[in-house]
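Peer 1: Please work out how this folds:
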Amino acid sequence: MRYQALATDYDGTIAHNGVVSESTVAALRDLLATGRRLILVTGRELPELLEIFPEVDLCEWVVAENGGLLYNPATKEERPLAEAPSPAFLEMLQARQVERVSVGRVIVATWEPYENIVLKSIRDLGLESQVIFNKGAVMILPAGVNKASGLTAALKEMGLSPHNVVGVGDAENDHAMLKLCEFSAAVSNALPAVKETADFVTSADHGDGVAQLIAAMVEDDLAKFDDRLARHHLILGKAGNDEIAIPSHGPCILICGPSASGKSTLVTRIVETLEEQHYQFCLFDPEGDYENFAGAVAFGSPDAPPAADEALQLLSNPDANAIVNLTGLKIPDRPPMFLSMLGPLLQMRTRTGRPHWLILDEAHHLLPADWRPPEGVVPEEFQNVIMITVHPELLAPEMLQRVDMLLVVGKDAEEMIATYCDASGLDAPALEPAHLQQGEVLLWKPGNEEPPLKIAAYPCKTERRRHRRKYAEGELPPDRSFFFRGPGAKLNLRAQNLIMFLQIAEGVDDETWEYHRRAGDYSKWFGSCVKDDDLTAAAKQIESLAALDPHEGREMLRAAIEREYILAPTSKMPVVGAS
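Peer 2: Numbering: from 1, shown residues only. You can find the predicted model right below:
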């Protein structure tokens, strides 16, 4: 199931004149009966909402005050997502005779025509506040707080990605939320600007429109609207003047070609695009070709098999990506290892829609031709999968039958297509020699009458940024150095470069190491002082692991640094996943 949750506005969307009809409540129950989840995202203050919407318990989370407050109906927990309103600001509004002022935990609200007085008051006090409009309502919130930021906080609690959420609304304050969601809908009574940007506009208004949207979700998971989601597609390259993209959801792709033909380059380009668009991936790497890819945490090495539990734990964070390095396993041991992870990964997909993509390099090592999967292990529709191989004929027939897009690189591409078709029992398409040059790809969809298409693939963006001695071995000033202080500032150990950082990290006690990891201090230093976005992203993923052994955490961070920099040796340390 692609769409795991519905995020809906209240007033003007599920509610008409502040009331949710019985038929709309019934539609919301129909949504929940499919296993999907409901999030209410509203500008209303919580006490008022609870008074007028007794069925709030249908929602797993409520984002109130236009993103300022998070509420869990099951536990009654309330969590402000920003600071309370400034008393000086409230006093100034009163002194300037602004009427109909409502004050929440975070939000301050009034109505037009007081917006100019509100803006002047914010300016006079030098506040970092913003004004958001909603059909005549004037809402004042801290900068950066809106429905999108509030929904992001709710999704984090739920372990969901915005790519698995449908959003529906009607007014200008819904724009940020709708833009965040993978699929956006507007009810027929929505403002024209909201309708213009939505993927789907219902023919019915208010709650009846939401019921119409829910019926479409239940019917086919909104598959009929996939062609409207081109903004999410994975751009591959150009054929003539036309830009060619891979759908972000659905295909089972086989990439094949001889050794050193550019398969890894093509896959790296696709993986870069997944990372840019925040689609989560898990890449199985039998040859160690992707261990240096920034933006993902690698597990395993030639000397140590990967720790499957750690990789799965990492992927419980929607923002994290995993590379499972299988070089430490003998070839006969790789299919069982892959299968041991495939079941949990598919179960995770059922619960959360993630990981969005599974990438199987040297797929014939993982799913060999003589492999016969137990019934039900591999779903009939094996979606969002990329398999890479030199030998399609050595891949399990069950997998070849699931391929709906073939990408071929290297010389004699037409022979590779013929080999695939022979192994799959398909008729090979008639085509002239493609004469592919470096960087060109032949795209063919089995069963499609259209001939294969030659594409000039876009180059990779990944840079191997090494030998930056300023950060690796140089002397950063004290204000840009890292200080291991630990709880209570009991230490004051300065790391003026990355080598010193690793040396001190190896020697400090676990309590100090964990203190800084849990506080996110490592990623903050890499971002603000070392100024390395990829290293920062890797550190954030490591910091997000709640139950991580300190020793393994050190090794993961060391590996991330060494992917980006060539460092003088400090001391030999074992690899993540070693027993």
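Peer 1: spatially speaking, which residue is in the middle of the chain?
Peer 2: The centre of the chain sits closest to H278, judged by C-alpha atoms, centre = their mean, with a distance of 3.7 Å.
Peer 1: where does this structure have its least confident helix or strand?
Peer 2: helix 469-472 (a mean of 57; mean pLDDT, DSSP states H and E).
Peer 1: Quick one: name whatever helix or strand follows that one.
Peer 2: Using DSSP states H and E, the next helix or strand after helix 469-472 towards the C-terminus is strand 482-484.
Peer 1: on contacts alone, who are the packing partners of the helix or strand just after that following strand?
Peer 2: Later in the chain than strand 482-484, the nearest helix or strand by DSSP H and E is strand 493-495. Using 3 or more C-beta pairs under 8 Å, 6 or more residues apart in numbering; DSSP states H and E, the elements in contact with strand 493-495 are strand 482-484, helix 498-507. All C-beta spots, glycine's among them, are computed from the backbone N, C-alpha and C.
Peer 1: Look at S481 and report its pLDDT.
Peer 2: As predicted, S481 sits at a pLDDT of 89.
Peer 1: Likewise for the one 10 residues further on?
Peer 2: pLDDT, the model's per-residue confidence, is 90 for L491.
Peer 1: Is it in contact with F482, as I believe?
Peer 2: No. Between L491 and F482 there is no contact under C-beta atoms under 8 Å: 12.0 Å.
Peer 1: Neighbour count: the two, which is higher?
Peer 2: F482 (24 against 15; other C-beta atoms under 10 Å).
Peer 1: Wait, the more buried one touches F501, no?
Peer 2: Yes. F482 is within contact range of F501, at 5.7 Å (criterion: C-beta under 8 Å).
Peer 1: what touches both of these two?
Peer 2: Residues touching both F482 and F501 (C-beta atoms under 8 Å, 6 or more residues apart in numbering): A495.
Peer 1: Residue ranges in the chain under the pLDDT threshold?
Peer 2: 373-374, 376, 462-475, 566-579 (pLDDT under 70).
Peer 1: per the record, what domains does it have?
Peer 2: Using automatic domain parsing, the domain parsing of the chain gives 1-78+146-231, 82-144, 233-457, 469-564.
Peer 1: With distance to Q212 added, can I get the helices and strands packed on strand 493-495 in TSV?
Peer 2: Converted to TSV, the helices and strands packed on strand 493-495 look like this (distance: least, C-beta to C-beta, whole Å):
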stretch	distance to Q212
strand 482-484	55
helix 498-507	56
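Peer 1: Check which helix or strand D370 maps to.
Peer 2: With DSSP H and E as the test, D370 turns up in no helix or strand.
Peer 1: For it, which non-adjacent residue is spatially closest?
Peer 2: A396 (8.0 Å; C-beta to C-beta, 6 or more residues apart in numbering).
Peer 1: again, but for I132
Peer 2: M139 (4.6 Å).
Peer 1: Doesn't that neighbour lie inside a helix?
Peer 2: No. With DSSP: H, G, I helix; E, B strand; the rest coil as the criterion, M139 is assigned strand and is not in a helix.
Peer 1: how about M341, secondary structure?
Peer 2: helix.
Peer 1: Tell me which of the helices and strands packed on strand 493-495 sits nearest to H435.
Peer 2: For the helices and strands packed on strand 493-495, distance to H435 was read as C-beta to C-beta. The smallest value, 46.4 Å, belongs to helix 498-507.
Peer 1: name the helices or strands packed onto the closest one?
Peer 2: Short answer (3+ C-beta pairs under 8 Å, 6+ apart): helix 498-507 packs on helix 469-472, strand 482-484, strand 493-495, helix 550-564.
Peer 1: could I get these as TSV with distance to K454?
Peer 2: Output for the helices and strands packed on helix 498-507, formatted as TSV (distance: least, C-beta to C-beta, whole Å):
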stretch	distance to K454
helix 469-472	43
strand 482-484	50
strand 493-495	51
helix 550-564	34
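Peer 1: Tell me which residues are up against stretch 8-22.
Peer 2: Contact partners of stretch 8-22, identified using C-beta under 8 Å, 6+ apart, comprise 24, 28, 38-44, 49, 52-53, 55, 135, 147, 167-171, 174, 177, 187, 189-190, 205-210.
Peer 1: N292 reaches A560, doesn't it?
Peer 2: No. Between N292 and A560 there is no contact under C-beta under 8 Å: 10.1 Å.
Peer 1: more neighbours, the two?
Peer 2: More neighbours surround A560 than the other of N292 and A560, with 26 against 15 (other C-beta under 10 Å).
Peer 1: From F382, how far off is the nearest residue to N384 once chain neighbours are set aside?
Peer 2: Spatial nearest neighbour of N384, excluding adjacent residues (C-beta to C-beta, 6+ apart): W357 at 4.9 Å. To F382, W357 is 12 Å away according to C-beta to C-beta, to the nearest Å.
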